[in-house]
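>>> with the sequence up front, the predicted model follows.
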Amino acid sequence: MSLKRIRKKRSLPAIPLPPQVAWLDSVSMDVTPIVSRPRTSYRKVDYLLTVKCQARETLGATTWHLVRSFDEFRFFRKRLVTQLKRGHFCQAECPWLYTFLKSYFPKSQLVGGSLSRVVARRRKTLTRSLATIRSFLLNRSNHVCPLVMQGVALELLEFVVGEPSEPGHNRHGEVPDWLRQLLQRWQDGDVELLEDSTSSDDTTQSDESGVEKDNCGLCEHPLVGHFGKERAVEDRWSQLAAAEPFSTLSCGHHFHDECLIEKLNEALQCPTCGYQESW
């Protein structure tokens with residue numbers, strides 16, 4: 001009786017993430033509003049960006065806080081859009097991220113609702129926007145684009161670490177030394193894109209689980225257009241101009257503006273949950 005040789009499949013070692021995004025694997029971000037009540041009737045609203053970083057070799061974690069104004073978040077979003085350079089050629093999901101930043105990121109002026117509702121809505125949207133950007137950067141299929149790796153990732157690192165020139169009262173807690181050193185090396189041009197992240201066939205496979213995509217509560221179509229890699233680059237970017245704008249109601253439900261207007265003309269309430277909107 002002959003013995004069959006059983007070949008054990010060798011598990012391939014996990015490919016390390018490029019240094020431009022590897023730091024995100026141990027980082028989480030949250031946004032909390034801070035409403036100051038000066039002697040004047042005007043109330044100033046800032047947002048506390050809390051960053052928690054799990055230590056590399058220990059079970060401990062480091063937490064620091066940055067006070068950011070809403071305008072700083074808006075300027076951060078503007079820099080990300082600029083880094084993406086609309087219309088460039090790549091196999092990453094840059095058109096999706098571009099449309100997400102243009103459509104989902106909180107607007108400067110929100111219609112309807114009291115100050116507390118506006119602030120709560122912005123907090124939720126800002127927190128989710130940071131989480132989506134993080135997931136997009138950790139998605140290996142997006143590492144094929146140098147604009148993402150050298151531009152978008154650096155902008156996020158600078159935003160969560162903060163510049164040394166920032167006022168001391170805007171930062172609380174200590175940023176890990178290795179993260180500061182990474183930022184400094186990057187700014188000095190000492191961090192290069194790993195060739196494996198752009199040449200490996202494994203990294204070009206689509207992995208859509210990292211970024212959550214919402215649908216309109218009425219038509220059930222995606223709020224932000226998603227274009228497959230089989231489309232020509234001209235098609236992927238040209239359709240962004242026709243992307244439908246959408247709105248987020250006080251209750252948190254999202255709808256395309258075109259779908260929502262007709263329903264609001266019938267009744268000033270959320271079509272999904274019936275929450276009354278104040279305009």
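That came through fine.

>>> now stretch 77-95: average pLDDT?
Averaging pLDDT along stretch 77-95 gives 87.

>>> in that stretch, what counts as buried?
In terms of neighbour count (16 or more other Cβ atoms under 10 Å), stretch 77-95 has its buried residues at R77, L80, V81, Q83, L84, C90, A92, E93, C94, P95. In short, each C-beta sits where N, CA and C put it, glycine included.

>>> same check, this time on stretch 21-28
Buried, per 16+ other Cβ under 10 Å, within stretch 21-28: V21, W23, L24, V27.

>>> F136 versus the third one, what's the distance?
In this case it means L24. Distance of L24 to F136, given as Cβ to Cβ, to the nearest Å: 10 Å.

>>> which stretches of the stretch 101-250 of the chain form helices?
Remark: helices assigned in the stretch 101-250 of the chain by DSSP state H, counting those that start in this stretch are 115-138, 146-147, 153-161, 177-187, 196-199, 233-238.

>>> what about the fifth one, average pLDDT?
What that stands for is helix 196-199. On average, helix 196-199 scores 38.

>>> and F75, which helix or strand is it part of?
Assigned by DSSP states H and E, F75 belongs to helix 70-84.

>>> which residues touch the nearest residue to E158 once chain neighbours are set aside?
Excluding the flanking residues, the one nearest E158 by Cβ to Cβ, 6 or more residues apart in numbering is L183, at 6.6 Å. Residues in contact with L183 (Cβ atoms under 8 Å, 6 or more residues apart in numbering) are L157, E158, V161.

>>> cool, V45 as well?
Per Cβ under 8 Å, 6+ apart, neighbours of V45: P33, I34, V35, S36, F70, L115, V119.

>>> ok, the closest residue to W64 other than its chain neighbours - how many residues close by?
In space, and not counting its chain neighbours, W64 is closest to G173: 3.2 Å by Cβ to Cβ, 6+ apart. Applying other Cβ atoms under 10 Å, we find 12 residues neighbouring G173.
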